[in-house]
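Visitor: predicted model, plus sequence, below.
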Amino acid sequence: MIDLHCHVLPGIDDGPETLEESVALARVAVDAGIDTLVATPHVNSRTPNDSATIARLVDTLNQRLDEEHVDLEVLPGGEIAISHLAEIEPQELSRLGLGGGPWLLVEPPFTPVAVGLAGMVQGVQRLGHRVVLAHPERCPALQRDRQTVRALAEGGVLMSITAGSLTGRFGNEVRRFALELAREGLIHNVTSDAHDSVRRPPGLAEQIEHAGLGPLLEWLTQMVPAAILAGEEMPPRPAAARDGARRRRGWRLRR
């Protein structure tokens, strides 16, 4: 499986502090069936990371993983705060694409109001970038304005859900919204958004299966992320999966 959103690089944001902790996270990822991780450290006003630093740490980590025979490939990327987009030079922004490709991982704010969010995303698209929206289900503003998610998706934005959201790690409202997006066919990818090997470890398949999205597992964790990294068109959604999660006891969605 391919995990497009993981804080695996050491000492660069709120992920691992040391290279040893990064290796520990990588080992857990391999045990969870993940063979490719995209390192997506925060790129925002508090941690204004740059592509050169990210690339250097990715090389260092891959070398260490090779030395320790950890069968995992780490690729460069970044989780770019939408509020920070205007501060990044165009050439630098292009270098922050997932796996070096055309898709940017953009993080919405954790605020109840996000005026102009759709316009900012569309502005990035007009510059020629393609956008993966990180954990929209965890954004209070989008929970209140769900039509914006639908409109962005119709405009070519891909919705990347955190696996833990599907199992209630971030609360019931986040879980309900994630499952609602699943039912409407608005989940295009699931990532771990892992930060360490213990408190927020990498994992995908277990959470997807638990949410009743097993028929979409390969599409969500292999086919779509592979197309994103290659800069190719999205593969069609599996017909057998239909749109959304099966209803499970205790998992009813609030309408």
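Guide: Noted; the coordinates are in hand. Predicted, not measured: the structure shown is a model, and the values here were computed from it. Residues are numbered from 1 along each chain as shown.
Visitor: in this structure, where is pLDDT below threshold?
Guide: Scanning the chain for pLDDT under 70 picks out the ranges 240-255.
Visitor: just the strands in it please.
Guide: 2-6, 36-39, 42-43, 73-76, 79-81, 103-107, 130-134, 158-162, 189-191 (DSSP state E).
Visitor: quick one: list the elements packing against the second one.
Guide: This means strand 36-39. strand 2-6, helix 51-67, strand 73-76, helix 224-230 (3 or more CB pairs under 8 Å, 6 or more residues apart in numbering; DSSP states H and E). All C-beta atoms are positioned from the backbone trio N, CA, C, and that covers glycine.
Visitor: hang on, the earlier thing: mind putting the strands of the chain into CSV with mean neighbour count and distance to residue 93?
Guide: As requested, the strands of the chain are exported to CSV (neighbours: other CB atoms under 10 Å; distance: least, CB to CB, whole Å):
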stretch, mean neighbour count, distance to residue 93
strand 2-6, 27, 18
strand 36-39, 26, 16
strand 42-43, 25, 9
strand 73-76, 20, 14
strand 79-81, 24, 8
strand 103-107, 24, 7
strand 130-134, 23, 11
strand 158-162, 26, 18
strand 189-191, 28, 21
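Visitor: need the ones you listed in CSV with distance to residue 171, can you?
Guide: Formatted as CSV, those follow (distance: least, CB to CB, whole Å):
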stretch, distance to residue 171
strand 2-6, 19
strand 36-39, 26
strand 42-43, 21
strand 73-76, 30
strand 79-81, 21
strand 103-107, 18
strand 130-134, 17
strand 158-162, 12
strand 189-191, 18
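Visitor: among those strands, which is nearest residue 148?
Guide: Smallest distance to residue 148 across those (CB to CB): 10.2 Å, for strand 130-134.
Visitor: and that closest one, how far from the chain's centre?
Guide: 8 Å (CA atoms, centre = their mean, to the nearest Å).
Visitor: next one: stretch 170-182
Guide: Centroid separation for stretch 170-182 versus its chain: 16 Å, with CA atoms, centre = their mean.
Visitor: could you list the buried residues of that stretch?
Guide: 170, 174, 175, 176, 177, 178, 179, 180, 181, 182 (16 or more other CB atoms under 10 Å).
Visitor: any chance of those in CSV, with distance to residue 35 too?
Guide: Converted to CSV, these look like this (distance: CB to CB, whole Å):
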residue, distance to residue 35
170, 26
174, 28
175, 28
176, 32
177, 30
178, 25
179, 27
180, 31
181, 26
182, 25
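Visitor: among those residues, which are in helices?
Guide: Within these, residues falling in helices by DSSP state H are 174, 175, 176, 177, 178, 179, 180, 181, 182.
Visitor: return the closest of the residues you listed with respect to residue 10.
Guide: residue 174 (28.3 Å).
Visitor: look at residue 20 and say how many residues are nearby.
Guide: The number of residues packed near residue 20 is 11, by other CB atoms under 10 Å.
Visitor: check the gap between it and residue 27 for me.
Guide: From residue 20 across to residue 27, the span is 11 Å (CB to CB, to the nearest Å).
Visitor: and residue 114, by the same measure?
Guide: Taking CB to CB, one finds residue 114 at 37 Å from residue 27.
Visitor: for residue 174, same thing?
Guide: 28 Å.
Visitor: and if you look at residue 14?
Guide: Residue 14 sits 20 Å away from residue 27, going by CB to CB.
Visitor: try residue 38
Guide: 17 Å.
Visitor: again with residue 102
Guide: 31 Å.
Visitor: repeat for residue 214
Guide: Residue 214 is 25 Å from residue 27, by CB to CB.
Visitor: of these two, which one has the most company?
Guide: Set residue 214 next to residue 27 and count neighbours by other CB under 10 Å: residue 27 wins out with 18 against 14.
Visitor: the stretch 101-250 of the chain: helices as residue ranges?
Guide: For the stretch 101-250 of the chain, the helices defined by DSSP state H, counting those that start in this stretch cover 117-126, 140-144, 146-154, 172-183, 205-210, 217-218, 224-230.
Visitor: what about those helices, which gets the closest to residue 8?
Guide: Nearest of the helices of the stretch 101-250 of the chain to residue 8, taken as CB to CB: helix 224-230 at 15.4 Å.
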